[in-house]
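**Q** Structure for this input, please:
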Amino acid sequence: MSLLKKVSAAAAAAVLTFSLASCGSDTTWGADIEGTRIRAGIFIYFQSNAVSEAMQYLGEGETDVLSITIEDKPSRDWINDEAVEDMREYAAVEKKFTELGLTFENNEEKAASNTVDQWWEYVGEYFEGLGVSKQSYYDVVLNTQKRAAIFDYYYSDGGEKAVPDDEIKDYLLENNSRIKFIRMELKDGEGNLLKSDGKEELKKMAEGYIERAKSGESFEAIEDEYNEYYANLIAEANGTDSETEDGAVEEDDVSDTAEETEERISYGTIVSKGGIIPSEKVAETVFDGSLNVGDYTIVEENEVWYIVYRMDLFDDPTYLDAQKDSVRRSLKGEEFDASVLSWTEGQNCIVNEAAVKRYKLEKHTAE
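**A** Below you'll find the model as predicted:
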């Protein structure tokens, strides 16, 4: 649970109508929330999630997650409280989805069913051993789809809390960049690191490539030229031919290469702040403020150099739309989680004590 969620949970608890019910042998439901009984299997599923989260609180040398204290509570109580909290949010999402009159327009029910079918082959035996049926698993997956639909209702284009495109662009520009690069090996054909003379020759080659690119020559064509050059160095060192055995290139390979080159020409490569692609040093250079859009540079590393050209991040006209959903969630995810939690305030929540006692937490930690 995030810090924001924990703080909100404390506020919600102040107005929560909460009680325990002992209902004889009826352990088919985990909680009755606003008159709706939540399947026991859903409660057990959330218990399983809470056990996994509780593992993060194990100290050095500790192995028994059920014997520790978490946030001043015995871990057993903490785990069950988390599971109840998740059931309350589950119920709140179901209610809000109906209140907003939302429906699935992209066959999400079928998608959820397919997801369950695919995963059940791997997790079914485990969950059934705990007491989670395939139907309960499906209900949780579909509830997640409903939660996403509610988020989109508020924050997508046209929603009452829609995130402006300018805000999304600012986030993307802060965290991502688009480049083209040529990786130049600082080695000879035998894999030996170049000496001073070899480095000087490679530096002149790289500077020449940059000048040619600045003059309008295709960056991709220059990259292909270098790759062919280095492949020939290796071939010469090994006494082999860098071309195919008959000296010809297959027609399909030509077609594939043309398509790949066109894609490289159009889109380049996305580099993330703090990332390691194509290398950590390249990412640092791109984001240190020294490389503007349209600039070229040579990034020198121990065994490889990179010619880097910084592009406009939005050169690909589809990029912004493709990133909107993930950026919205990055920007507004915690705010939305707090909203969902606020919907649980004042819920009449009756926890089925018989179910809590029946479904032992030890099953979640058994080897």
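
**Q** Surely Asp321 is within a helix?
**A** Yes - under DSSP: H, G, I helix; E, B strand; the rest coil, Asp321 sits within a helix.

**Q** okay, now it: neighbour count?
**A** When neighbours are defined as other Cβ atoms under 10 Å, Asp321 has 11 of them. To be clear about C-beta, it is placed using only N, CA and C from the backbone, and glycine gets the same treatment.

**Q** same check, this time on Glu62
**A** There are 11 residues near Glu62, going by other Cβ under 10 Å.

**Q** Please name the residues that touch it.
**A** Ile68 (Cβ atoms under 8 Å, 6 or more residues apart in numbering).

**Q** My reading is that it lies in a helix. Confirm?
**A** No - assessed with three-state DSSP, Glu62 is coil; it does not lie in a helix.

**Q** Would you mind measuring from it to Asp170?
**A** For Glu62, the distance to Asp170 (Cβ to Cβ, to the nearest Å) stands at 44 Å.

**Q** Also Thr63?
**A** Here the criterion is Cβ to Cβ. By it, Thr63 lies 46 Å from Asp170.

**Q** between those two, who's got more neighbours?
**A** Asp170 (13 against 9).

**Q** Run through the helices of this structure in chain order.
**A** For the chain, the helices defined by DSSP state H cover 3-13, 40-54, 75-99, 108-130, 134-155, 165-175, 196-214, 219-238, 251-267, 280-287, 319-342, 353-358, 362-365.

**Q** Figure out which of these is closest to Gly294.
**A** Set against Gly294 and scored by Cβ to Cβ, the helices of the chain come closest in helix 196-214, at 9.5 Å.

**Q** Grab the CA positions of the closest one and hand them over as CSV.
**A** The C-alpha trace of helix 196-214 is given here as CSV (Å, rounded to 0.1, in the frame of the first residue of the first chain):
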residue,chain,number,x,y,z
SER,A,196,46.1,5.4,-29.9
ASP,A,197,46.5,5.4,-33.7
GLY,A,198,43.5,3.3,-34.2
LYS,A,199,41.4,5.5,-31.9
GLU,A,200,42.5,8.6,-33.8
GLU,A,201,41.5,7.0,-37.1
LEU,A,202,38.1,6.0,-35.7
LYS,A,203,37.6,9.5,-34.3
LYS,A,204,38.2,11.0,-37.8
MET,A,205,35.8,8.4,-39.3
ALA,A,206,33.1,9.4,-36.7
GLU,A,207,33.6,13.1,-37.3
GLY,A,208,33.4,12.5,-41.1
TYR,A,209,30.1,10.6,-40.6
ILE,A,210,28.7,13.6,-38.6
GLU,A,211,29.7,16.1,-41.3
ARG,A,212,28.0,13.9,-44.0
ALA,A,213,24.9,13.6,-41.9
LYS,A,214,24.8,17.3,-41.4
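
**Q** Give me the helices and strands touching that helix, please.
**A** Using 3 or more Cβ pairs under 8 Å, 6 or more residues apart in numbering; DSSP states H and E as the contact test, the elements touching helix 196-214 are strand 176-185, helix 219-238, strand 296-300, strand 304-311.

**Q** Which positions within that helix qualify as buried?
**A** Of the residues in helix 196-214, Leu202, Ala206, Tyr209, Ile210, Ala213 count as buried by neighbour count, 16 or more other Cβ atoms under 10 Å.
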